[in-house]
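Enquirer: I would like the atomic coordinates for the input below:
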Amino acid sequence: LSANQERFYKYAVPTNDNTCTTPAPKAQIVLNSDQTTYAVTIVVNEEAMGTVTGAGNYLAGESATLTATANTGYRFVNWTVGEETNTENPLTLIVNGNLTVTANFAALPQYTITATANDAAMGSVTGAGTYYEGEEVTLKAIANPGHEFVDWNNGATEATLTFVATKDSAIVANFKKLSYTVTAVVNDDAKGSVSGIGTYEYGATATVEAVAADGYELLYWSDRSTENPRTVTVDGNKVLNAYFIKKYESEPTFKVEKLWENTTVPASSNNGYQAAGWDGVVYMKDRLNAAIWAYTSATDSALYVNTD
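Expert: Alright, predicted model coming up:
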């Protein structure tokens with residue numbers, strides 16, 4: 001059948017008098033066999049900016065779907081179809097003739113994001129740089145030892161800050177010094193005390209002094225130092241142990257005597273001597289302010305002191 005050709009089919013109906021009549025047509029069949037095809041062509045205003053899909057040949061009346069994809073650093077603006085523009089993406093068109101469609105792209109604006117610390121000695125920030133409009137920015141505040149992150153100059157308090165670039169921005173991470181405590185423990189409060197304990201900022205110098213009660217003197221600190229007063233650099237919480245012993249005035253005569261044979265120094269004094277610790281060598285002072293020593297070996301572990 002040719003395009004749009006109409007045909008009518010008639011049929012005879014018998015009557016009572018054995019004659020036939022031809023009624024009016026009861027059915028009409030219309031056939032459309034138009035197979036015309038049209039070309040849809042898509043061009044890009046600048047090929048480096050993006051790509052498109054959907055070009056090709058379509059039957060008359062068929063739908064064509066066009067999609068524009070921008071490359072990094074660019075954005076899709078609109079389509080141009082003849083004198084008309086359209087911002088839909090994807091764009092669907094009914095094809096009734098040959099079409100040429102232009103996809104228009106443009107470069108994205110770029111923004112500078114600066115990120116610094118309020119004090120470079122306290123910490124640093126990563127993530128600064130140049131970003132395209134709409135690109136996600138992630139900044140991280142990293143505190144140096146002895147310091148901690150406080151907040152950003154926009155009020156955010158999480159050490160990781162994420163936002164979308166919409167303008168040039170100057171971001172500042174605020175840090176502060178940590179504070180630590182310097183405390184002291186004495187072997188007997190009746191024998192002495194320590195001054196200079198308290199709270200200090202990281203990096204500060206604390207001066208502590210062991211103050212012996214009447215009749216006593218400092219034997220040493222827990223690190224075996226005898227310096228008094230002494231200074232301590234505060235880089236964390238500090239605990240100092242001060243060991244005091246009784247002070248005697250007379251000079252000793254020397255006679256060696258074995259006091260005990262234990263690898264662990266007794267907690268109590270023995271024959272008037274006070275033990276301060278055991279680490280292969282026992283550090284002690286006798287009642288006459290004389291230094292006492294000890295030795296260990298594979299076969300013997302004993303403490304020998306002057307007892308006269």
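Enquirer: what's next to the helix or strand that contains V239, contact-wise?
Expert: Here V239 sits within strand 238-246, counting by DSSP states H and E. Strand 238-246 is contacted from outside by 180-188, 191-192, 194, 206, 208, 210, 212-213, 215-222, 232, 274, 276, 285, 287, using CB atoms under 8 Å, 6 or more residues apart in numbering. C-beta coordinates here come from the backbone N, C-alpha and C atoms, glycine included.
Enquirer: and with 6 Å instead?
Expert: Residues from elsewhere that reach strand 238-246 (CB atoms under 6 Å, 6 or more residues apart in numbering): 182-187, 191-192, 194, 210, 212, 216, 218-222, 232, 274, 276, 285.
Enquirer: CA atoms only for it - export them in PDB, please.
Expert: The C-alpha trace of strand 238-246 is given here as PDB (Å, rounded to 0.1, in the frame of the first residue of the first chain):
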ATOM      1  CA  LYS A 238      56.100  14.700  85.900                       C
ATOM      2  CA  VAL A 239      56.300  12.900  89.300                       C
ATOM      3  CA  LEU A 240      59.400  13.400  91.400                       C
ATOM      4  CA  ASN A 241      60.200  11.300  94.400                       C
ATOM      5  CA  ALA A 242      62.300  12.800  97.100                       C
ATOM      6  CA  TYR A 243      64.100  10.500  99.500                       C
ATOM      7  CA  PHE A 244      65.000  12.000 102.900                       C
ATOM      8  CA  ILE A 245      67.200  10.400 105.600                       C
ATOM      9  CA  LYS A 246      68.300  11.300 109.100                       C
END
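Enquirer: which residues touch the spatially closest residue to Y132 that is not a sequence neighbour?
Expert: Nearest in space to Y132, with sequence neighbours left out and distances taken as CB to CB, 6 or more residues apart in numbering, is L108 at 4.3 Å. By CB under 6 Å, 6+ apart, the contact list for L108 reads 73, 75, 132-133.
Enquirer: most neighbours of all those, which one?
Expert: In terms of neighbours by other CB atoms under 10 Å, these top out with R75 at 17 neighbours.
Enquirer: ok, what's across the strand from it?
Expert: Beta bridges link R75 to A106, judged by DSSP bridges.
Enquirer: related to what we said a few turns ago, buried residues in the strand holding V239?
Expert: By neighbour count on 16 or more other CB atoms under 10 Å, the buried set for strand 238-246 is 238, 240-246.
Enquirer: same thing with stretch 193-205?
Expert: Neighbour-count burial for stretch 193-205 [16+ other CB under 10 Å]: 193-194, 196-197, 200, 202.
Enquirer: just the endpoints, please. Distance across that stretch?
Expert: One end of stretch 193-205 sits 20 Å from the other (CA to CA, to the nearest Å).
Enquirer: residues in contact with it?
Expert: Residues contacting stretch 193-205 (CB under 6 Å, 6+ apart): 146, 177-179, 181-184, 206-211, 231, 233-234, 242.
Enquirer: can you lay out the buried residues of strand 238-246 as CSV showing pLDDT?
Expert: Output for the buried residues of strand 238-246, formatted as CSV (pLDDT from 0 to 100):
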residue, pLDDT
K238, 93
L240, 92
N241, 93
A242, 93
Y243, 92
F244, 91
I245, 90
K246, 86
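Enquirer: just the ones of the contacts of strand 238-246 in strands?
Expert: Of the contacts of strand 238-246, the ones assigned to strands by DSSP state E are 182-186, 192, 194, 210, 212, 216, 218-221, 232, 274, 276, 285.
Enquirer: report the buried members of these.
Expert: 182, 184, 186, 192, 194, 210, 212, 216, 218-221, 232, 274, 276, 285.
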